[in-house]
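Peer 1: model this:
(chains A and B)
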Amino acid sequence: MSKEHVDMNVPVIEMRDIVKKFGDFVANDGINLTVHKGEIHAILGENGAGKSTLMNQLYGLLKPTSGEILVNGKKIEMNNPRDAIDAGIGMVHQHFMLVQPFTVTENIVLGTEPVKGLKLDMATARKNVVEISERYGLSIDPDAKIEDISVGMQQRVEILKALYRGADILILDEPTSSLTPQEIVELIQIMHNLTADGKSIILITHKLKEIKESADFCTIIRMGKYIGTVDVDTVDENDLASMMVGRKVTFKVDKPEQAPGPVVLDVKDLHGVDYRGVEILKGLNLQVHAGEIVGIAGIDGNGQTELVEILTGLRKGTKGECTVNGVSIFNKSPSFGFNHGVSSIPADRQKHGLVLDFSIEDNLILQNYEESPFAKKGILQRDPIFAHASESIETYDIRPRQSEKRAAGTLSGGNQQKVIIAREVQNDKDLLIAVNPTRGLDVGAIEYVHKYIVEQRNKGKAVLLVSFELDEIMSLSDVIDVIFDGQIVSSIPGKDANENDLGLMMAGGKTA
Amino acid sequence: MTKKKSFLDVLSTSTFLHILFSIFLGFLVGALFLVVMGLSVGEAYGRLINSVTSLKGFSYVVVYSVPYIVAGLSVAFSFKTGVFNIGAEGQFVVGSMAAAVVGILCPNIPKPLLIPLCFLAAMAAGALWGIIVGFLKTKWGINEVLSMIMFNWIAFYLSNFIAGIPAIKNEGSAEATKNISANASMLFSKSFIKSAGLCPTANWGILVAIVVMLIVWFIIEKTTLGYELKAVGSNKFAAEYGGINVNRSILTALAISGALAGLAGALQLMGMGSRISIFSSQEGFGFAGIVVALIGVSNPFGVLIAGLFYGALMYGGSKLNLVGAPTQLINVIVGTVVFFIAISVIFKNIFRRRARSPRSIERQAEKEADKK
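Peer 2: Next comes the predicted model:
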């Protein structure tokens, strides 16, 4: 990546030897960070490495225990976000802070509304908003309500909010975690527009690919320690990954050649409607064989959500047939599917996957709490339940350890996902349906999840993988089925796939 | 991490202390009212304490508290399983009336058989009242709180109607049912009451309440049924995904909760009342159950203690007029206590956020550093 827009002589942010302690716990241990004018600087680290703590100090939410922060060469003490905003720092949080029933314009000017006499001057506000959005290529509809616009546009609104307040340095916290691949491409373009105009961006992420595609420099933090700052052009994703987790990370999943067995899941001419009652599945056909991973690639909204909901018994289809090992599971209850060979890793882990108030041990028996050895004559057997949890925590590397009795809601997202995977994999059903199984997880956790999914396939199970991460689909699938407009439009062997062709097919461009 | 916690931190983490604190605030507000009315706080509260600490007084407290405990268990059970049984009032009334009908119409059945029979009738009636509401909810999505409140009134008028049927109605002039058969009464023998110096209505009800408490605890904590109901209560989506039949669980939870409220009605009748008056207004035992469940934080043992506390206030409160204080003072105290417990969620969140806020973590870290 060319660095012509980076002015290496003008450091806008310097954080020197930052130490942040919470009691005995050292969250940041001597971290250095220098960001120049016009630079995109990525901060890379696993979940819990201390990235957010560092940024919260830069944004005035936390005070460093020791070390100093310089903005535009001047030492600054920040007591609250107001000070940071005054210093020209803006932050876009991972979870947006927008007022849902307000319009885009109202959200952007909130707190700094232009006034005419005693009245809000919304016409001027709208004009200003349109002006900035055009200047940086952030396309938005200034009059739309937040609740009606896509996640991608909400994020642009957040960025505009910061720019409207005069930010020259933008902190983006995991900005791509809820975006579709297309929206990610757009976001990266926006980031380049901003740096071309002299803004600087700090990008907090654990996605290596995005760092390679967008950042100039990358600072790596591991367990609170400063590992180093690298010029992104001189390293590859493998280097970044091993610096981040402190060991060699294998992206290639070890997947031996294996002839598929008989058909396990057979979906024929499936029709179904979405929540509005509009037909979204229009005669979908799909087969998954034993010992095979079939990946569903497609742009969100082409019917994959409804397909999975019908297969897991949460939604009724309008027509068609789905069988597992020859038994129809079409329009049956979730427990019927479970009892006839279906286990699944749901897309929304907190809503469908876990009872967050329940302990880990109780979550691990969600489908078999009535079965021996976990229950006898309707009485729960605490010892086997506990032993089962201890074993799962060990085998599936659920952290922290000794957490059998802890509420699932207190775990990090990655570890919550491991609890679900431990449960679903141990159910040992013939068909595993995995929906976005690595969403929001860091590289280390992703590696584990992929390992377990492939292990199921190697054991001769059928796996249906639905994911918006094309890389994940391509590296895991034996067969890739492309879904478009409620149908599978093409089915290609996983090893022959490449991103460009898939992208075209997903957009309905061509069928192989 | 930190060893020494601030008062607020402790309050936000210890439910028990939080409740004690709420009770303290309740009495404080009560004291303010006494002062405003120009009465002696010491005298009024002294009277309250004295009246419940003698053996006879305490036996009154226990007798008073039995229906509150069991109604409280009913509501607590519903809280644990994610439904809000505001219909305990109606279930209490139909349970009480069902036990009365059996107790009046079958006087010749021997005591060891008639008492359980009355219990069963009461529980069946209460469960039915709960199931109808559950059915309306699961079948047509009718909000259970609304239908429960209506069913409370249906129970109220139904009870008055049955109390007026000739076979049930008192032959005398009293606007009430006949007395239930002595075989359905749970009172201790007269001679025992006299020799032990207990109140005249001392009865076996408290033992039943304790057994019910143990059963409720066992169901919630130890059985697959409790697991299922709690799972549906805290996340019905995950429960459904995991294969639990959500509608059946809601019906089961409401049936059990209703049966408990019905049983509370039977215990009140067979322990204290012996007959049911024609109501002019709702008696409020079921609503009191909500209060007791709240004070007992839906923990079965907590509900037992809270029920005794509530019973003590009700009995002791009736003696307040002896010192010239209005008995309504007790309602002020109870209301205040419930108010502070009910806002505990807000309370706790505020304190917890404070305790976790960057500034507070900072302060703690600084304190730590100072100590070293």
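Peer 1: longest strand of chain A, counting residues only.
Peer 2: The single longest strand within chain A, with elements called by DSSP state E, is strand A:7-22.
Peer 1: could I get that one in PDB with only the CA atoms?
Peer 2: Taking Å, rounded to 0.1, in the frame of the first residue of the first chain, the C-alpha atoms of strand A:7-22 are listed here in PDB:
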ATOM      1  CA  ASP A   7       3.000  12.500   6.700                       C
ATOM      2  CA  MET A   8       5.600  10.700   8.800                       C
ATOM      3  CA  ASN A   9       6.800  14.000  10.100                       C
ATOM      4  CA  VAL A  10       3.600  14.900  11.800                       C
ATOM      5  CA  PRO A  11       2.700  12.600  14.700                       C
ATOM      6  CA  VAL A  12      -0.900  13.300  15.700                       C
ATOM      7  CA  ILE A  13      -1.100  10.800  18.500                       C
ATOM      8  CA  GLU A  14       1.700   9.600  20.700                       C
ATOM      9  CA  MET A  15       1.000   7.300  23.600                       C
ATOM     10  CA  ARG A  16       4.200   6.600  25.600                       C
ATOM     11  CA  ASP A  17       4.800   3.700  27.900                       C
ATOM     12  CA  ILE A  18       1.100   3.500  28.900                       C
ATOM     13  CA  VAL A  19       0.500   1.400  32.000                       C
ATOM     14  CA  LYS A  20      -3.000   0.700  33.200                       C
ATOM     15  CA  LYS A  21      -3.700  -1.300  36.300                       C
ATOM     16  CA  PHE A  22      -7.000  -2.500  37.700                       C
END
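Peer 1: which element follows it toward the C-terminus?
Peer 2: The first helix or strand that comes after strand A:7-22 along the chain, using DSSP states H and E, is strand A:25-37.
Peer 1: just to revisit the earlier point, residues making contact with the longest strand of chain A?
Peer 2: For strand A:7-22, contacts defined as CB atoms under 8 Å, 6 or more residues apart in numbering or on different chains pick out A:26-38, A:50, A:53-54, A:57-58, A:62, A:64-73, A:89, A:168-169, A:200, A:202, B:1, B:361, B:365. (Each C-beta comes from the backbone N, C-alpha and C, glycine too.)
Peer 1: can you give me the buried ones in that strand?
Peer 2: For strand A:7-22, a neighbour-count test (16 or more other CB atoms under 10 Å in any protein chain shown) marks A:11, A:12, A:13, A:14, A:15, A:16, A:18, A:20, A:21, A:22 as buried.
Peer 1: before we move on, what about stretch A:74-85?
Peer 2: A:76, A:78, A:84, A:85.
Peer 1: how about the helix or strand hosting residue B:60 and chain A, any contact?
Peer 2: Assigned by DSSP H and E, residue B:60 belongs to helix B:55-80. No - with CB under 8 Å from any CB of the partner chain as the criterion, chain A is not reached by helix B:55-80; the gap is at least 10.8 Å.
Peer 1: helix or strand right after that helix?
Peer 2: helix B:88-105.
Peer 1: elements contacting that next one?
Peer 2: helix B:55-80, helix B:111-140, helix B:144-164, helix B:246-268, helix B:285-295 (3 or more CB pairs under 8 Å, 6 or more residues apart in numbering or on different chains; DSSP states H and E).
Peer 1: circling back to that earlier point, between the buried residues of stretch A:74-85, which is nearest chain B?
Peer 2: residue A:78 (11.6 Å; CB to the nearest CB).
Peer 1: my read is that that closest one contacts residue A:85, right?
Peer 2: No - the pair residue A:78 / residue A:85 is not scored as a contact, 9.9 Å apart, by CB atoms under 8 Å.
Peer 1: picking that back up, tell me which of the helices and strands packed on helix B:88-105 lies nearest to residue B:315.
Peer 2: helix B:55-80 (4.8 Å; CB to CB).
Peer 1: show me chain B divided up by domain.
Peer 2: For chain B, the structural domains run B:1-37+B:326-372, B:61-323, going by automatic domain parsing.
Peer 1: pLDDT on the shortest one, on average?
Peer 2: Regarding domain B:1-37+B:326-372, the rounded mean pLDDT is 68.
Peer 1: wait, what's in contact with residue 287?
Peer 2: All of this refers to chain A. Contact analysis of residue A:287 by CB under 8 Å, 6+ apart lists A:263, A:265, A:266, A:267, A:294.
Peer 1: let me rephrase: I mean chain B.
Peer 2: Residue B:287 sits next to B:88, B:89 when contact means CB under 8 Å, 6+ apart.
Peer 1: now with 6 Å, please.
Peer 2: Counting by CB atoms under 6 Å, 6 or more residues apart in numbering or on different chains, residue B:287 touches residue B:89.
Peer 1: separation between it and residue B:293?
Peer 2: Residue B:287 sits 11 Å away from residue B:293, taking CB to CB, to the nearest Å as the criterion.
Peer 1: sorry, back to before: dump the helices and strands packed on helix B:88-105 into JSON lines; add mean pLDDT as well.
Peer 2: As requested, the helices and strands packed on helix B:88-105 are exported to JSON lines (pLDDT from 0 to 100):
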{"stretch": "helix B:55-80", "mean pLDDT": "94"}
{"stretch": "helix B:111-140", "mean pLDDT": "95"}
{"stretch": "helix B:144-164", "mean pLDDT": "94"}
{"stretch": "helix B:246-268", "mean pLDDT": "95"}
{"stretch": "helix B:285-295", "mean pLDDT": "92"}
